[in-house]
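Chemist: Pasting a predicted model and its sequence here:
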Amino acid sequence: MMKQQAFKLNIDRKSITFKLWAYFILFSLLLLGILWALQIFFLNNYYQQMKIAETTRIANVISSQYGKEDFLDTIRSLSVSNDMYIQIETEDTILFSPSKDSNRTPSYMYLPEMGMVRKQLLEGNRPSASIIISSVESNMAPRHRDGDKKILAYAGYLENSNENTVILYIFSPLFPVDSTVGILRSQLIYVTIISLSLAFFLSFYLSNRISKPIRRINKTAEKLAAGEYGIQFEGGHYSEIIQLANTLTLASNELKKTDSLRKDLIANVSHDLRTPLTMVKSYAEMIRDLSGNNPEKRAAHLEVIIEEADRLNLLVSDMLALSRLQTRVTPLEKTTFNLCEAAQSIVNSYGLYTEKENYRFILECPKGSDVQISADENKIKQVISNLFYNAIKYCGTDKEIIVRILSDETRCRCEVSDHGMGIPQSEIDQIWERYFKASTNHVRAVKGTGLGLSIVKEIIILHGGKYGVKSEEGKGSTFWFELKK
Ligand code: ADP
């Protein structure tokens, strides 16, 4: 009882293995059934139909040759090549009969059959008649007939008018198919056993081969569901399953990236938000406890609070801008504008630095200064602004920043150079990652969210452009981007 139950549980009727196996067996059974039916049950019928069709065809050939010069030769050769007894008669004379033609065949071998088929022809009122007569039926047992044999008898008019009636008779022995059926049956039994067992094992093997990699993928996917990201999925022998495995591997790698990004983000955001918040809190406490009555100190402390609040504001708006860009929420609003003018407006917006802190800004544009591009003007301005502001933050003591616009027929390029501390080669690829700060940048006094270059990167990618940096430690950096015109 227990055993039976366990066996029942093991068979999953919805599984690929079971279904494939069942369909394979059903298909083989169907094929074998058709084969059995055709070979054993319908062979006799089929043979008789073939014989009737063949006889009718020969009768048509004879009828088409009737009256022609080599008519008798045609009949003779047809009769010999098809093993048929052919006779042509008018009402009172025999026009052609093998007995007349050759000594081998006894005359009127098929006399009773001839009578029967003639009767059919006359009664049927049709141009021809075919009947199958067994020797028992024909009531004759000539010496060459043993047992019950069948004869196909055909009669048809070659000429049918009031003056003359010519009838063509064709007799063809039908060989008994019983012995053939017997042989076929014993062969079919072997065929059935062999093909069923082949179907059984082959389908089992094949279905296992197909379902095994799927089961393996499922096992791996369970691990993925349990949080093991970056896991590799293995395909199998079939391209569809290999594709599925590749897609899942891709998804798993993407999940790994997203997961580490999420962890980084939480770590960085909490750190970056916490630092200014702590500053705000501690300075507010200082004002409450110490400097509340000292206007000078209070003003200085309030200044710090305002600066930190600004930093928070900047961070939050940068984070929002970046996530909007990355999730592609806002589409690009492309217009045609002059890149030189856009750069000029950014340089102008930092005018305070030239006035108060002795910065020197140089904008180099090609002659004519008309570099028209089709892009999202606000976003490109943000890119220039981020690069420019970085240059201000990290420039050298010379406080010189050069913005250079270059252009050829297909592309235009914007470079922002400074003579500052530069970036170590080993870190140059990482600076485009969010929250990355180069090791040369230790100064907290430098305001930054760590998101500026990530925003630059996203905007340029959205525009299908290129970006990069050339930098030498201690000598300065040149950040650039290129857009198609
Ligand atoms: P941040 O807000 O910290 O400036 P960014 O994404 O704009 O963030 O820049 C990432 C890092 O790349 C900076 O922290 C800095 O170390 C480095 N960096 C960016 N611009 C320059 C530059 N012009 N010169 C030297 N280092 C730079």
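Modeler: The structure has been received and is ready for your questions. All of these numbers come straight from a predicted model, not from anything done at the bench.

Chemist: For the helix or strand hosting Tyr389, what is the distance to the chain centroid?
Modeler: Using DSSP states H and E, the element containing Tyr389 is helix 377-394. Helix 377-394 has its C-alpha centroid displaced from the chain centroid by 44 Å (Cα atoms, centre = their mean, to the nearest Å).

Chemist: Against which helices or strands is it packed?
Modeler: Packing partners of helix 377-394 (3 or more Cβ pairs under 8 Å, 6 or more residues apart in numbering; DSSP states H and E): helix 339-349, strand 400-407, strand 411-418, helix 452-462, strand 476-484. Yep, even glycine has a C-beta here, placed from its N, CA and C like the rest.

Chemist: what comes up buried for the fourth one?
Modeler: I take that to be helix 452-462. Neighbour-count burial for helix 452-462, with 16 or more other Cβ atoms under 10 Å as criterion, is recorded at Gly452, Leu453, Ser454, Ile455, Val456, Lys457, Glu458, Ile459, Ile460, Leu462.

Chemist: elements contacting it?
Modeler: helix 295-326, helix 377-394, strand 466-472, strand 476-484.

Chemist: possible to save these as CSV with distance to Val181, mean pLDDT and mean neighbour count?
Modeler: Converted to CSV, those look like this (distance: least, Cβ to Cβ, whole Å; pLDDT from 0 to 100; neighbours: other Cβ atoms under 10 Å):
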stretch, distance to Val181, mean pLDDT, mean neighbour count
helix 295-326, 78, 86, 15
helix 377-394, 86, 94, 21
strand 466-472, 82, 95, 17
strand 476-484, 81, 95, 20
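
Chemist: could you dump these to a markdown table with distance to the ligand?
Modeler: A markdown table is the format used below for the helices and strands packed on helix 452-462 (distance: least, Cβ to the nearest ligand atom, whole Å):
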| stretch | distance to the ligand |
| --- | --- |
| helix 295-326 | 8 |
| helix 377-394 | 3 |
| strand 466-472 | 7 |
| strand 476-484 | 4 |
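
Chemist: Include distance to Ser197 when you put those into CSV, please.
Modeler: Converted to CSV, these look like this (distance: least, Cβ to Cβ, whole Å):
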stretch, distance to Ser197
helix 295-326, 60
helix 377-394, 71
strand 466-472, 66
strand 476-484, 67
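
Chemist: Mind checking the ones you listed for the one nearest to Met286?
Modeler: helix 295-326 (5.5 Å; Cβ to Cβ).

Chemist: what distance separates the closest one from the centre of its chain?
Modeler: 51 Å.

Chemist: Packing partners of it?
Modeler: By 3+ Cβ pairs under 8 Å, 6+ apart, helix 295-326 packs against helix 239-289, helix 452-462.

Chemist: can you redo those as a markdown table with distance to the ligand and mean pLDDT?
Modeler: Output for those, formatted as a markdown table (distance: least, Cβ to the nearest ligand atom, whole Å; pLDDT from 0 to 100):
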| stretch | distance to the ligand | mean pLDDT |
| --- | --- | --- |
| helix 239-289 | 10 | 85 |
| helix 452-462 | 3 | 93 |
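
Chemist: So which of these is the most surrounded?
Modeler: Of all the helices and strands packed on helix 295-326, helix 452-462 has the most neighbours on average by mean count of other Cβ atoms under 10 Å, namely a mean of 21.

Chemist: So what touches that helix?
Modeler: 318, 321-322, 325-326, 328, 332, 376, 379-380, 382-383, 386-387, 389-390, 431-434, 436, 466-467, 479, 481, 483 (Cβ atoms under 8 Å, 6 or more residues apart in numbering).

Chemist: With just CA atoms, put it into PDB.
Modeler: The C-alpha trace of helix 452-462 is given here as PDB (Å, rounded to 0.1, in the frame of the first residue of the first chain):
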ATOM      1  CA  GLY A 452      28.700  65.400 -10.400                       C
ATOM      2  CA  LEU A 453      30.700  63.200 -12.800                       C
ATOM      3  CA  SER A 454      28.000  60.400 -12.700                       C
ATOM      4  CA  ILE A 455      25.500  62.900 -13.900                       C
ATOM      5  CA  VAL A 456      27.900  64.100 -16.700                       C
ATOM      6  CA  LYS A 457      28.300  60.500 -17.700                       C
ATOM      7  CA  GLU A 458      24.600  59.700 -17.800                       C
ATOM      8  CA  ILE A 459      23.700  62.800 -19.800                       C
ATOM      9  CA  ILE A 460      26.400  62.200 -22.400                       C
ATOM     10  CA  ILE A 461      25.400  58.500 -22.700                       C
ATOM     11  CA  LEU A 462      21.800  59.500 -23.200                       C
END
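
Chemist: begin at 25 from here
Modeler: Okay, residue one is now 25; in that scheme the one you just asked about reads as helix 476-486.

Chemist: What is the distance between it and the centre of its chain?
Modeler: 34 Å.

Chemist: relative to strand 500-508, how tilted is that helix?
Modeler: 20 degrees (axes from the mean of the first three to the mean of the last three Cα atoms, to 10 degrees).

Chemist: Just want the residue of the stretch 325-474 of the chain that's nearest the ligand.
Modeler: Relative to the ligand, the nearest point of the stretch 325-474 of the chain is Gly472 (2.5 Å; Cβ to the nearest ligand atom).

Chemist: Now that residue: closest residue in space, sequence neighbours ignored.
Modeler: Lys417 (6.4 Å; Cβ to Cβ, 6 or more residues apart in numbering).

Chemist: Counting neighbours, what do you get for the residue of the stretch 325-474 of the chain closest to the ligand?
Modeler: 21 (other Cβ atoms under 10 Å).
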